[in-house]
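*Asks:* next one to model:
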Amino acid sequence: MKLILMVLSFSFFATGCTTSAKFISELEDAPKWFIDQIPEVEAKGYPSVASTPAAPDDLPSLASWEVKLEKLKNEGEQVNLDAQVQSDSKLIDTKQFLQSSLDMADVEKFNEEEAVALAAKQKD
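*Replies:* Numbers count the residues shown, from 1 in each chain. As a prediction, this is how the structure comes out:
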C-alpha cells in the first residue's frame, strides 16, 4: 500500500514539474517577457549535469580549513584565559564595595531597635 502511494505521489509530482511551464503560460498575471520565453526554454530543455563546471583549482583543501579552525579555537581559548586572569586580578574588597555602594545610594543604615519602636508606635 505504501509503495503504491509513493509511486502515485512521485508520478503526480513528476508530471506537475514537466507541465508547469505550460500551466504558467496560461496564467493571467504572468509577465509578457516570461510567457515569451517559455517556448524557447521548452525547446532547449534543461542543461545536463555534465555541463556543470568543475570546482575551481584554487579552492583550499578541507585539511587547510581544519588547520584554520584549530588555530581559531586556540586563539579563542587564549582570549578566554586572558579575560579570566584579568578578572581574577581585579578582586574587590566586599566591605569597601558595600560602603561605596551605600554612600552612592545615600541609604541610612538599618537600625533594628528604631524599626521595632516605629512598628510599635504605628500599631497603637
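
*Asks:* quick one: the helices in this structure?
*Replies:* Along the chain, counting by DSSP state H, helices occupy 2-18, 20-25, 32-44, 62-89, 94-105, 112-123.

*Asks:* deepest of the ones you listed, which one?
*Replies:* Across the helices of the chain, the average number of neighbours (mean count of other Cβ atoms under 10 Å) peaks for helix 20-25, which reaches a mean of 12. From N, CA and C alone the C-beta is placed, and that goes for glycine too.

*Asks:* could you list the domains of the protein?
*Replies:* Under the assignment automatic domain parsing, the domains of the chain span 1-43, 70-107.

*Asks:* of the helices of the chain, which shows the lowest average pLDDT?
*Replies:* The minimum mean pLDDT among these belongs to helix 20-25 (a mean of 58).

*Asks:* quick revisit: in TSV, list the domains of the chain along with distance to Ser64.
*Replies:* Compiled in TSV, the domains of the chain are given as follows (distance: least, Cβ to Cβ, whole Å):
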stretch	distance to Ser64
domain 1-43	40
domain 70-107	11
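
*Asks:* right, and the ones you listed - which one's nearest Ala54?
*Replies:* Across these, Ala54 has its closest neighbour in domain 1-43 (25.2 Å, Cβ to Cβ).

*Asks:* from the opening residue of the closest one to its closing one, how far?
*Replies:* End-to-end distance of domain 1-43: 38 Å, with Cα to Cα, to the nearest Å as the criterion.

*Asks:* before we move on, back to that, dump the helices of the chain to TSV, plus distance to Thr52.
*Replies:* As requested, the helices of the chain are arranged in TSV below (distance: least, Cβ to Cβ, whole Å):
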stretch	distance to Thr52
helix 2-18	19
helix 20-25	22
helix 32-44	16
helix 62-89	20
helix 94-105	66
helix 112-123	82
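
*Asks:* out of the domains of the chain, which comes closest to Ala63?
*Replies:* Among the domains of the chain, domain 70-107 sits nearest to Ala63 (Cβ to Cβ), with 10.7 Å.

*Asks:* tell me how far Lys44 lies from Leu102.
*Replies:* 82 Å (Cβ to Cβ, to the nearest Å).
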